[in-house]
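Trainee: structure for the following, please:
(one chain, ligands or ions: 1)
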Amino acid sequence: MGKVKKIAVMTSGGDSPGMNAAIRSVVRTCAYYRTECIGIYRGYQGMIEGDFVSLTARSVNNIINKGGTILKSARSQEFRTPEGRKKAHENLIEHKIDALVVIGGDGSFTGGVVFNKEYNFPIIGIPGTIDNDIYGTSHTLGYDTALNTAVEAIDKIRDTASSHNRLFFVEVMGRDAGFIALNAGVGAGAEEILIPEEDLGLERMLESLKKSRRTGKSSSIVVVAEGDRSGKNVYELANYVEENLPEYEVRVSVLGHMQRGGAPSCFDRVLASRLGVKAVELLLDGKTNLMVGLKDNEVASTDLEKAIKGGHEINRELLRVSDIMTT
Ligand code: ATP
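Mentor: Residues are numbered from 1 along each chain as shown. Just a heads-up that it's a prediction; the model follows:
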(Lines give C-alpha, C1' and ligand atoms only; values in the text may rest on other atoms or scores of the structure.)
Protein backbone atom coordinates (compact mmCIF):
# COMPACT_ATOMS: atom_id res chain seq x y z
CA MET A 1 0.00 0.00 0.00
CA GLY A 2 1.36 3.43 -0.98
CA LYS A 3 1.47 6.43 1.31
CA VAL A 4 -1.97 7.76 2.25
CA LYS A 5 -2.33 11.34 0.96
CA LYS A 6 -6.08 11.77 0.70
CA ILE A 7 -8.68 10.44 3.14
CA ALA A 8 -12.45 10.37 2.67
CA VAL A 9 -14.95 10.41 5.52
CA MET A 10 -18.64 9.51 5.48
CA THR A 11 -21.58 8.76 7.77
CA SER A 12 -23.74 5.73 7.00
CA GLY A 13 -26.83 3.92 8.33
CA GLY A 14 -28.85 5.51 11.14
CA ASP A 15 -27.59 8.90 12.31
CA SER A 16 -26.54 9.46 15.90
CA PRO A 17 -25.53 12.47 17.99
CA GLY A 18 -21.76 12.93 17.89
CA MET A 19 -21.36 12.07 14.20
CA ASN A 20 -20.68 15.73 13.39
CA ALA A 21 -18.07 15.92 16.14
CA ALA A 22 -16.42 12.83 14.62
CA ILE A 23 -16.44 14.35 11.11
CA ARG A 24 -14.86 17.48 12.57
CA SER A 25 -12.20 15.44 14.29
CA VAL A 26 -11.32 13.45 11.16
CA VAL A 27 -11.14 16.63 9.06
CA ARG A 28 -9.01 18.55 11.57
CA THR A 29 -6.68 15.60 12.14
CA CYS A 30 -6.16 15.36 8.37
CA ALA A 31 -5.39 19.09 8.30
CA TYR A 32 -2.96 18.65 11.22
CA TYR A 33 -1.07 15.99 9.26
CA ARG A 34 -1.33 17.96 6.00
CA THR A 35 -3.43 15.25 4.42
CA GLU A 36 -6.29 16.12 2.07
CA CYS A 37 -9.79 15.31 3.30
CA ILE A 38 -12.90 14.61 1.24
CA GLY A 39 -16.43 14.33 2.62
CA ILE A 40 -18.78 11.85 0.99
CA TYR A 41 -22.48 12.78 1.20
CA ARG A 42 -25.16 10.14 1.93
CA GLY A 43 -22.88 7.25 2.81
CA TYR A 44 -22.29 4.48 0.27
CA GLN A 45 -24.98 5.87 -2.05
CA GLY A 46 -23.06 9.13 -2.35
CA MET A 47 -19.89 7.14 -2.98
CA ILE A 48 -21.62 5.42 -5.93
CA GLU A 49 -22.89 8.76 -7.25
CA GLY A 50 -19.63 10.65 -6.72
CA ASP A 51 -21.29 13.09 -4.31
CA PHE A 52 -18.04 14.40 -2.81
CA VAL A 53 -16.94 17.65 -1.16
CA SER A 54 -13.49 18.90 -0.28
CA LEU A 55 -13.22 19.63 3.47
CA THR A 56 -10.72 21.88 5.22
CA ALA A 57 -10.27 22.64 8.91
CA ARG A 58 -12.58 25.64 8.47
CA SER A 59 -15.35 23.61 6.78
CA VAL A 60 -16.20 22.05 10.11
CA ASN A 61 -16.53 25.18 12.25
CA ASN A 62 -19.49 25.21 14.65
CA ILE A 63 -20.63 21.62 14.16
CA ILE A 64 -19.25 19.94 17.30
CA ASN A 65 -22.48 20.83 19.14
CA LYS A 66 -24.93 19.78 16.41
CA GLY A 67 -26.96 16.55 16.25
CA GLY A 68 -27.46 14.65 12.98
CA THR A 69 -24.75 14.68 10.34
CA ILE A 70 -23.73 17.48 7.96
CA LEU A 71 -22.70 14.80 5.45
CA LYS A 72 -26.21 13.24 5.59
CA SER A 73 -26.68 9.53 5.87
CA ALA A 74 -28.38 6.88 3.75
CA ARG A 75 -28.97 3.21 3.32
CA SER A 76 -27.84 2.02 -0.11
CA GLN A 77 -29.23 -1.09 -1.77
CA GLU A 78 -26.96 -0.49 -4.76
CA PHE A 79 -23.82 -0.83 -2.64
CA ARG A 80 -24.91 -4.38 -1.77
CA THR A 81 -24.33 -5.30 -5.45
CA PRO A 82 -20.88 -5.83 -7.08
CA GLU A 83 -21.86 -3.31 -9.80
CA GLY A 84 -22.64 -0.63 -7.22
CA ARG A 85 -19.36 -1.19 -5.40
CA LYS A 86 -17.48 -1.08 -8.73
CA LYS A 87 -18.94 2.37 -9.46
CA ALA A 88 -18.04 3.48 -5.93
CA HIS A 89 -14.46 2.28 -6.37
CA GLU A 90 -14.11 4.04 -9.73
CA ASN A 91 -15.20 7.31 -8.11
CA LEU A 92 -12.69 6.96 -5.27
CA ILE A 93 -9.88 6.28 -7.75
CA GLU A 94 -10.94 9.15 -10.00
CA HIS A 95 -10.74 11.51 -7.00
CA LYS A 96 -7.39 10.01 -5.95
CA ILE A 97 -8.77 8.97 -2.57
CA ASP A 98 -6.44 6.53 -0.80
CA ALA A 99 -8.38 5.55 2.32
CA LEU A 100 -11.78 5.78 3.99
CA VAL A 101 -13.21 6.48 7.45
CA VAL A 102 -16.73 5.05 7.86
CA ILE A 103 -18.80 6.40 10.76
CA GLY A 104 -21.76 4.07 11.28
CA GLY A 105 -23.10 0.83 12.70
CA ASP A 106 -22.39 -2.83 12.03
CA GLY A 107 -24.16 -2.78 8.63
CA SER A 108 -21.91 0.04 7.47
CA PHE A 109 -18.86 -1.86 8.71
CA THR A 110 -20.01 -4.99 6.87
CA GLY A 111 -20.20 -2.96 3.66
CA GLY A 112 -16.68 -1.69 4.37
CA VAL A 113 -15.29 -5.19 4.90
CA VAL A 114 -16.88 -6.46 1.66
CA PHE A 115 -15.47 -3.46 -0.22
CA ASN A 116 -12.01 -3.96 1.28
CA LYS A 117 -12.00 -7.64 0.30
CA GLU A 118 -12.87 -6.77 -3.31
CA TYR A 119 -10.63 -3.77 -3.82
CA ASN A 120 -8.10 -3.92 -0.99
CA PHE A 121 -9.18 -0.39 -0.08
CA PRO A 122 -8.02 0.81 3.37
CA ILE A 123 -10.90 1.37 5.79
CA ILE A 124 -11.23 2.33 9.44
CA GLY A 125 -14.60 2.32 11.23
CA ILE A 126 -15.87 4.69 13.94
CA PRO A 127 -18.88 3.21 15.80
CA GLY A 128 -21.79 5.64 15.49
CA THR A 129 -25.12 4.27 16.71
CA ILE A 130 -27.27 5.04 19.73
CA ASP A 131 -27.82 1.31 20.41
CA ASN A 132 -24.32 0.64 21.81
CA ASP A 133 -24.50 -2.87 20.34
CA ILE A 134 -21.00 -3.08 18.86
CA TYR A 135 -18.26 -5.33 20.16
CA GLY A 136 -14.89 -3.73 20.95
CA THR A 137 -16.06 -0.48 22.51
CA SER A 138 -17.72 0.31 25.82
CA HIS A 139 -19.53 3.23 24.17
CA THR A 140 -20.68 3.97 20.63
CA LEU A 141 -21.15 7.57 19.48
CA GLY A 142 -24.57 8.87 20.41
CA TYR A 143 -25.34 6.29 23.08
CA ASP A 144 -24.62 8.60 26.01
CA THR A 145 -26.69 11.41 24.48
CA ALA A 146 -29.60 9.05 23.75
CA LEU A 147 -29.49 7.79 27.34
CA ASN A 148 -29.66 11.31 28.72
CA THR A 149 -32.53 12.17 26.38
CA ALA A 150 -34.45 9.07 27.46
CA VAL A 151 -33.89 9.74 31.17
CA GLU A 152 -35.01 13.34 30.82
CA ALA A 153 -38.18 12.24 29.02
CA ILE A 154 -38.95 9.54 31.60
CA ASP A 155 -38.47 12.08 34.42
CA LYS A 156 -41.18 14.21 32.81
CA ILE A 157 -43.48 11.23 32.42
CA ARG A 158 -42.94 10.41 36.09
CA ASP A 159 -44.37 13.81 37.04
CA THR A 160 -47.67 13.06 35.37
CA ALA A 161 -47.62 9.39 36.48
CA SER A 162 -47.35 10.36 40.13
CA SER A 163 -49.93 13.16 39.89
CA HIS A 164 -52.55 10.72 38.57
CA ASN A 165 -51.45 7.49 40.28
CA ARG A 166 -50.82 5.89 36.93
CA LEU A 167 -48.63 3.15 35.57
CA PHE A 168 -46.67 4.18 32.47
CA PHE A 169 -45.10 1.83 29.96
CA VAL A 170 -42.34 3.80 28.25
CA GLU A 171 -40.86 2.32 25.08
CA VAL A 172 -37.26 3.28 24.32
CA MET A 173 -35.15 2.42 21.27
CA GLY A 174 -33.28 -0.88 21.08
CA ARG A 175 -34.57 -3.57 18.73
CA ASP A 176 -31.76 -6.01 19.49
CA ALA A 177 -29.99 -4.41 22.43
CA GLY A 178 -31.24 -3.38 25.85
CA PHE A 179 -28.47 -0.94 26.76
CA ILE A 180 -30.68 2.16 26.55
CA ALA A 181 -33.58 0.46 28.36
CA LEU A 182 -31.45 -0.95 31.17
CA ASN A 183 -29.34 2.13 31.82
CA ALA A 184 -32.11 4.69 31.34
CA GLY A 185 -34.39 2.45 33.42
CA VAL A 186 -31.98 2.37 36.33
CA GLY A 187 -31.17 6.08 35.89
CA ALA A 188 -34.84 7.06 35.88
CA GLY A 189 -35.80 4.70 38.71
CA ALA A 190 -38.06 2.39 36.69
CA GLU A 191 -40.08 -0.30 38.43
CA GLU A 192 -39.40 -2.91 35.78
CA ILE A 193 -37.15 -3.01 32.72
CA LEU A 194 -37.87 -5.28 29.76
CA ILE A 195 -34.99 -5.93 27.35
CA PRO A 196 -34.32 -8.08 24.27
CA GLU A 197 -31.51 -10.07 25.91
CA GLU A 198 -33.59 -11.60 28.65
CA ASP A 199 -37.14 -12.85 29.12
CA LEU A 200 -37.95 -11.94 32.69
CA GLY A 201 -41.45 -13.36 32.38
CA LEU A 202 -44.76 -11.52 32.47
CA GLU A 203 -45.78 -13.18 35.73
CA ARG A 204 -42.76 -11.69 37.41
CA MET A 205 -43.75 -8.23 36.19
CA LEU A 206 -47.29 -8.64 37.54
CA GLU A 207 -45.96 -9.81 40.90
CA SER A 208 -43.61 -6.88 41.08
CA LEU A 209 -46.37 -4.39 40.26
CA LYS A 210 -48.69 -5.99 42.81
CA LYS A 211 -45.97 -5.73 45.42
CA SER A 212 -45.45 -2.05 44.58
CA ARG A 213 -49.08 -1.30 45.30
CA ARG A 214 -49.02 -3.33 48.51
CA THR A 215 -45.99 -1.46 49.76
CA GLY A 216 -47.52 1.93 49.12
CA LYS A 217 -46.30 2.99 45.67
CA SER A 218 -49.02 4.89 43.87
CA SER A 219 -47.39 5.27 40.45
CA SER A 220 -44.90 3.25 38.45
CA ILE A 221 -42.78 3.34 35.33
CA VAL A 222 -41.94 0.26 33.27
CA VAL A 223 -39.25 0.82 30.65
CA VAL A 224 -39.53 -1.44 27.60
CA ALA A 225 -36.95 -1.82 24.83
CA GLU A 226 -38.48 -1.95 21.33
CA GLY A 227 -37.36 -5.55 20.89
CA ASP A 228 -38.08 -6.91 24.38
CA ARG A 229 -38.44 -10.68 24.71
CA SER A 230 -41.88 -10.83 26.33
CA GLY A 231 -43.45 -11.44 22.89
CA LYS A 232 -45.86 -8.52 23.36
CA ASN A 233 -45.46 -4.99 22.07
CA VAL A 234 -45.75 -2.10 24.50
CA TYR A 235 -49.51 -1.61 23.86
CA GLU A 236 -50.22 -5.31 24.34
CA LEU A 237 -48.21 -5.22 27.54
CA ALA A 238 -50.30 -2.32 28.81
CA ASN A 239 -53.53 -4.20 27.98
CA TYR A 240 -52.21 -7.32 29.65
CA VAL A 241 -51.53 -5.46 32.88
CA GLU A 242 -54.90 -3.68 32.80
CA GLU A 243 -56.66 -7.03 32.35
CA ASN A 244 -54.75 -8.67 35.18
CA LEU A 245 -54.41 -5.77 37.58
CA PRO A 246 -57.61 -3.69 37.24
CA GLU A 247 -56.47 -1.46 40.10
CA TYR A 248 -53.90 0.08 37.74
CA GLU A 249 -54.68 2.86 35.28
CA VAL A 250 -52.17 2.25 32.50
CA ARG A 251 -50.76 4.59 29.85
CA VAL A 252 -48.19 4.11 27.09
CA SER A 253 -45.53 6.51 25.86
CA VAL A 254 -43.28 5.67 22.89
CA LEU A 255 -40.23 7.94 22.88
CA GLY A 256 -39.25 7.12 19.27
CA HIS A 257 -36.92 9.16 17.13
CA MET A 258 -36.48 12.01 19.62
CA GLN A 259 -33.83 9.70 21.14
CA ARG A 260 -31.71 9.93 17.98
CA GLY A 261 -31.58 13.72 17.79
CA GLY A 262 -30.37 16.66 19.81
CA ALA A 263 -27.05 18.19 20.74
CA PRO A 264 -24.46 15.55 21.64
CA SER A 265 -23.51 15.24 25.31
CA CYS A 266 -20.04 16.33 26.39
CA PHE A 267 -19.10 12.66 26.69
CA ASP A 268 -20.05 11.99 23.04
CA ARG A 269 -18.17 15.09 21.82
CA VAL A 270 -15.01 14.06 23.63
CA LEU A 271 -15.34 10.45 22.46
CA ALA A 272 -15.87 11.57 18.86
CA SER A 273 -12.81 13.81 19.03
CA ARG A 274 -10.63 11.01 20.37
CA LEU A 275 -11.86 8.37 17.90
CA GLY A 276 -11.48 10.67 14.89
CA VAL A 277 -7.83 11.37 15.71
CA LYS A 278 -7.09 7.67 16.15
CA ALA A 279 -8.88 6.69 12.92
CA VAL A 280 -6.80 9.07 10.81
CA GLU A 281 -3.55 8.15 12.57
CA LEU A 282 -4.16 4.45 11.94
CA LEU A 283 -4.73 5.07 8.23
CA LEU A 284 -1.60 7.24 7.98
CA ASP A 285 0.23 4.41 9.71
CA GLY A 286 -0.81 2.03 6.92
CA LYS A 287 -3.44 0.18 8.99
CA THR A 288 -6.80 -1.02 7.69
CA ASN A 289 -9.90 -3.07 8.64
CA LEU A 290 -9.98 -1.83 12.20
CA MET A 291 -12.62 -0.15 14.31
CA VAL A 292 -11.58 2.44 16.85
CA GLY A 293 -13.36 2.36 20.19
CA LEU A 294 -13.08 2.80 23.91
CA LYS A 295 -11.80 0.03 26.20
CA ASP A 296 -11.29 0.79 29.90
CA ASN A 297 -11.48 4.46 28.92
CA GLU A 298 -8.50 4.12 26.56
CA VAL A 299 -8.81 4.47 22.79
CA ALA A 300 -8.17 1.05 21.28
CA SER A 301 -8.70 -0.68 17.97
CA THR A 302 -10.52 -3.93 17.19
CA ASP A 303 -10.52 -6.01 14.03
CA LEU A 304 -13.49 -4.73 11.99
CA GLU A 305 -14.94 -8.21 11.38
CA LYS A 306 -14.69 -9.01 15.06
CA ALA A 307 -16.46 -5.76 15.90
CA ILE A 308 -19.32 -6.81 13.60
CA LYS A 309 -19.60 -10.41 14.75
CA GLY A 310 -18.45 -10.16 18.37
CA GLY A 311 -21.96 -9.54 19.71
CA HIS A 312 -22.76 -7.64 22.87
CA GLU A 313 -23.42 -8.55 26.45
CA ILE A 314 -25.75 -6.86 28.84
CA ASN A 315 -24.44 -5.84 32.24
CA ARG A 316 -25.81 -8.44 34.69
CA GLU A 317 -24.71 -6.42 37.69
CA LEU A 318 -26.99 -3.63 36.50
CA LEU A 319 -29.93 -6.03 36.25
CA ARG A 320 -29.28 -6.97 39.87
CA VAL A 321 -29.01 -3.32 40.92
CA SER A 322 -32.32 -2.63 39.21
CA ASP A 323 -33.93 -5.52 41.12
CA ILE A 324 -32.64 -4.28 44.45
CA MET A 325 -33.73 -0.69 43.75
CA THR A 326 -37.36 -1.76 43.31
CA THR A 327 -37.57 -3.26 46.78
P1 ATP B 1 -27.74 1.26 12.26
O2 ATP B 1 -27.02 0.74 13.48
O3 ATP B 1 -28.34 2.57 12.47
O4 ATP B 1 -28.68 0.26 11.64
P5 ATP B 1 -25.92 0.46 10.20
O6 ATP B 1 -24.61 0.97 9.78
O7 ATP B 1 -25.95 -0.91 10.82
O8 ATP B 1 -26.56 1.53 11.17
P9 ATP B 1 -27.31 -0.52 7.83
O10 ATP B 1 -28.50 0.03 7.14
O11 ATP B 1 -27.39 -1.92 8.35
O12 ATP B 1 -26.93 0.52 8.97
O13 ATP B 1 -26.07 -0.45 6.82
C14 ATP B 1 -25.73 0.74 6.16
C15 ATP B 1 -25.36 0.48 4.73
O16 ATP B 1 -24.20 -0.37 4.67
C17 ATP B 1 -26.42 -0.27 3.91
O18 ATP B 1 -27.43 0.56 3.45
C19 ATP B 1 -25.57 -0.81 2.76
O20 ATP B 1 -25.35 0.17 1.78
C21 ATP B 1 -24.23 -1.12 3.46
N22 ATP B 1 -24.18 -2.56 3.75
C23 ATP B 1 -24.68 -3.23 4.81
N24 ATP B 1 -24.48 -4.56 4.70
C25 ATP B 1 -23.82 -4.75 3.53
C26 ATP B 1 -23.32 -5.89 2.84
N27 ATP B 1 -23.46 -7.13 3.32
N28 ATP B 1 -22.69 -5.68 1.67
C29 ATP B 1 -22.53 -4.45 1.16
N30 ATP B 1 -22.99 -3.34 1.76
C31 ATP B 1 -23.63 -3.47 2.92
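Trainee: which bits of this structure sit near the ligand?
Mentor: 12-14, 44, 75-76, 79-80, 104-108, 110-111, 114, 129 (CB under 6 Å from any ligand atom). From N, CA and C alone the C-beta is placed, and that goes for glycine too.
Trainee: show me the helices in the protein, by range?
Mentor: 19-32, 43-49, 82-94, 106-119, 143-163, 179-187, 202-214, 234-244, 266-284, 304-309, 316-325 (DSSP state H).
Trainee: before we move on, back to that, for PyMOL, what selects the buried ones among the residues of the chain next to the ligand?
Mentor: Here is the PyMOL command that picks out the buried ones among the residues of the chain next to the ligand, judged by 16 or more other CB atoms under 10 Å:
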select buried, resi 12+13+14+44+75+76+79+104+105+106+107+108+110+111+129
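Trainee: just list the residues touching whatever residue of the stretch 101-250 of the chain ends up closest to the ligand, thanks.
Mentor: The stretch 101-250 of the chain approaches the ligand most closely through Gly107 (1.8 Å), counting by CB to the nearest ligand atom. Residues in contact with Gly107, defined by CB atoms under 8 Å, 6 or more residues apart in numbering, are Ser12, Gly13, Arg75.
Trainee: what do you get for Phe121?
Mentor: His89, Leu92, Ala99, Leu100, Phe115.
Trainee: and for Tyr44?
Mentor: With CB under 8 Å, 6+ apart, Tyr44 has these contacts: Met10, Ser12, Ala74, Ser76, Glu78, Phe79, Gly84, Ala88, Ser108, Gly111.
Trainee: and the helix or strand of the chain with the lowest mean pLDDT, what does it pack onto?
Mentor: The helix or strand of the chain with the lowest confidence, counting by mean pLDDT, DSSP states H and E, is helix 202-214 at a mean of 87. Helix 202-214 sits against strand 192-194, strand 220-225, helix 234-244, with contacts defined as 3 or more CB pairs under 8 Å, 6 or more residues apart in numbering; DSSP states H and E.
Trainee: kindly reformat these as TSV containing mean pLDDT.
Mentor: Shown next, in TSV, are the helices and strands packed on helix 202-214 (pLDDT from 0 to 100):
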stretch	mean pLDDT
strand 192-194	92
strand 220-225	94
helix 234-244	94
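Trainee: pLDDT-wise, what's the bottom of the contacts of Tyr44?
Mentor: In terms of pLDDT, the weakest of the contacts of Tyr44 is Ala74, which scores 92.
Trainee: now for that one: which residues touch it?
Mentor: Ser12, Arg42, Gly43, Tyr44, Gln45, Gly46.
Trainee: got it, and Tyr240?
Mentor: Contacts of Tyr240 (CB under 8 Å, 6+ apart): Leu202, Lys232.
Trainee: just to check, Thr29 is in contact with Val277?
Mentor: Yes - counting by CB atoms under 8 Å, Thr29 does reach Val277; the two are 4.9 Å apart.
Trainee: what about those two, which has more around it?
Mentor: Regarding Thr29 and Val277, a neighbour count based on other CB atoms under 10 Å identifies Thr29 as having more, with 23 against 18.
Trainee: leaving out chain neighbours, which residue sits closest to the more buried one?
Mentor: Val280 (4.0 Å; CB to CB, 6 or more residues apart in numbering).
Trainee: that neighbour and Asn297, how far apart?
Mentor: 21 Å (CB to CB, to the nearest Å).
Trainee: could I get the pLDDT score of the residue nearest to Thr29?
Mentor: Looking at Val280, its pLDDT reads 98.
Trainee: any chance of the helices and strands packed on helix 202-214 in TSV, with distance to Arg158 too?
Mentor: Output for those, formatted as TSV (distance: least, CB to CB, whole Å):
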stretch	distance to Arg158
strand 192-194	14
strand 220-225	6
helix 234-244	17
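Trainee: among those, which is nearest Phe267?
Mentor: Proximity to Phe267 (CB to CB) singles out strand 220-225 among the helices and strands packed on helix 202-214, at 20.9 Å.
Trainee: next, the angle from the closest one to helix 179-187.
Mentor: Using axes from the mean of the first three to the mean of the last three CA atoms, to 10 degrees, the direction of strand 220-225 lies 160 degrees away from that of helix 179-187.
Trainee: now do strand 220-225: which elements does it pack against?
Mentor: Identification of packing neighbours for strand 220-225 by 3+ CB pairs under 8 Å, 6+ apart yields helix 143-163, strand 166-172, helix 179-187, strand 192-194, helix 202-214, helix 234-244.
Trainee: what do you get if the cut-off is 10 Å, keeping everything else the same?
Mentor: helix 143-163, strand 166-172, helix 179-187, strand 192-194, helix 202-214, helix 234-244, strand 249-254 (3 or more CB pairs under 10 Å, 6 or more residues apart in numbering; DSSP states H and E).
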